[in-house]
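Asker: What would the 3D arrangement of this be:
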Amino acid sequence: MDSDALNTFLVVHRKGGISNAAKFLHRSQPAISRRIALLEQELGVPLFERVAGRTRLSEAGRVLIPYAENAVAAAQDAEQAMRALIKQNSGPVSLAVTGTLADGRLSGIMKRFAKDNPGVTLALRTATSAEVSDLIRRGDATIGLRYNADRSGDLDCELVLTEKLQVVCAPDHALAGKRVRRLAELRGERWIAFPQMRGGHEIAAAHVFALFLTQGLGEVEWTPVDSLTAQKRLVESGFGLALLARSHVAEELHAASISTIAVGDLAASQDIVLVRRRGGFLSVAAQRLLETVRRDYGAGDVATARGAKKKAPAGKIIARRRPT
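Answerer: Reported below is the predicted structural model:
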């Protein structure tokens, strides 16, 4: 059982069948089928089954998934370690971030890294917080930035910033730039929030509701909007209030297109954490990127952070975006 066989198994699973896996791996369908058949013969169990014309994991296949991911990621670590012996500051580094963290601070980090490390190809992928962890776990990304710590034991999570959340509103709102003593005074407002979804640790409707429920205020009127940009445009137009981190609306606050309402009894925040695969190999370039992220987030003016370090460098940028 080698890493190539396990990788083929994972690709068939992720792409939903032999045909799609063959296209992705640039191999023939018979070659993929033979690879899976040999793996199943070696293990003595079927890994896939056909249900209603679709390829699905068998029970044995579901059990194999985490072991296959670990084995493939370890093989990738070994390959990168060998490359690092030849060239200390070159090769690819992949950064996965939660979509709403792909902001001005991150673009500044990437620009400086690219300038200081021309021999490194830096790839950016955006995803939900849970998906960021999965990308790190599988070895598809080297470093991750997500909201809140992942509690699984196979990842290392390091707090780099705790951002306070604030209520934002249109500049012509009656309470714009003012202060209210209690959150209860905003109960009658319409709220805009991310819809609740698996792995979505942005401030979703459930978080907004929780703030009111803890004070015995019941539910509030809200509109689910799955894009941070759309949320900000709706707030600007006076459609409702939102609970956002200051970094999310820094440009709008500077342009005075969005204002804030200070709330005396509001104590809400969210953690931003760096994620790495426990025991995974980090090249010199990856370590420099890690230090750069720590330093830049640690120097943020919107929260407290741990481990602010000295300046570090990086390379060419490839961006792969997902809608947020």
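Asker: Have a look at this protein and report the helix or strand with the lowest mean pLDDT.
Answerer: Sorting the helices and strands of the chain by mean pLDDT, DSSP states H and E puts strand 303-304 at the bottom, at a mean of 36.
Asker: Quick one: mean pLDDT over the one helix or strand residue 123 maps to.
Answerer: For residue 123, the host element (DSSP states H and E) is strand 120-127. In this model, strand 120-127 has an average pLDDT of 88.
Asker: got the buried residues for that strand?
Answerer: 120, 121, 122, 123, 124, 125, 126, 127 (16 or more other Cβ atoms under 10 Å). In short, each C-beta sits where N, CA and C put it, glycine included.
Asker: nearest to residue 67, of the residues you listed?
Answerer: Minimum distance to residue 67 across the buried residues of strand 120-127 is 22.9 Å, recorded for residue 127 (Cβ to Cβ).
Asker: Show me what the closest one bridges to in the sheet.
Answerer: Bridge pairing for residue 127 (DSSP bridges) gives the partners residue 98.
Asker: Now for it: which residues touch it?
Answerer: By Cβ atoms under 8 Å, 6 or more residues apart in numbering, the residues touching residue 127 are 96, 97, 98, 99, 135, 322.
Asker: Tell me which two in those residues are the farthest apart.
Answerer: Among these, 99 and 135 lie farthest apart (Cβ to Cβ), at 13.0 Å.
Asker: pLDDT check: weakest of the contacts of residue 127?
Answerer: Ranked by pLDDT, the contacts of residue 127 bottom out at residue 322, which has 39.
Asker: before we move on, back to that, ok, so of the buried residues of strand 120-127, who is nearest residue 284?
Answerer: Checking the buried residues of strand 120-127 against residue 284 by Cβ to Cβ gives residue 120 as the nearest, at 9.2 Å.
Asker: Can you give me the distance of the closest one to residue 273?
Answerer: Distance check for residue 120 against residue 273: by Cβ to Cβ, to the nearest Å, it reads 23 Å.
Asker: what's the average pLDDT for stretch 278-287?
Answerer: Per-residue scores along stretch 278-287 average to 83.
Asker: Using neighbour counts, pick out the buried residues of that stretch.
Answerer: Buried, per 16+ other Cβ under 10 Å, within stretch 278-287: 280, 281, 282, 283, 284, 285, 286.
Asker: any idea whether the first one is helix, strand or coil?
Answerer: Counting by DSSP: H, G, I helix; E, B strand; the rest coil, the backbone at residue 280 sits in coil.
Asker: residues in contact with the nearest residue to it once chain neighbours are set aside?
Answerer: Excluding the flanking residues, the one nearest residue 280 by Cβ to Cβ, 6 or more residues apart in numbering is residue 77, at 5.6 Å. The contact partners of residue 77, by Cβ under 8 Å, 6+ apart, come to 139, 280, 281.
Asker: any low-confidence regions in the stretch 51-200 of the chain?
Answerer: Low-confidence segments of the stretch 51-200 of the chain, defined by pLDDT under 70: 81-91, 196-200.
Asker: at 90 instead, please
Answerer: Applying pLDDT under 90 to the stretch 51-200 of the chain picks out residues 51-56, 58, 61-62, 65-94, 98-123, 127-130, 137-140, 147-154, 163-165, 182-200.
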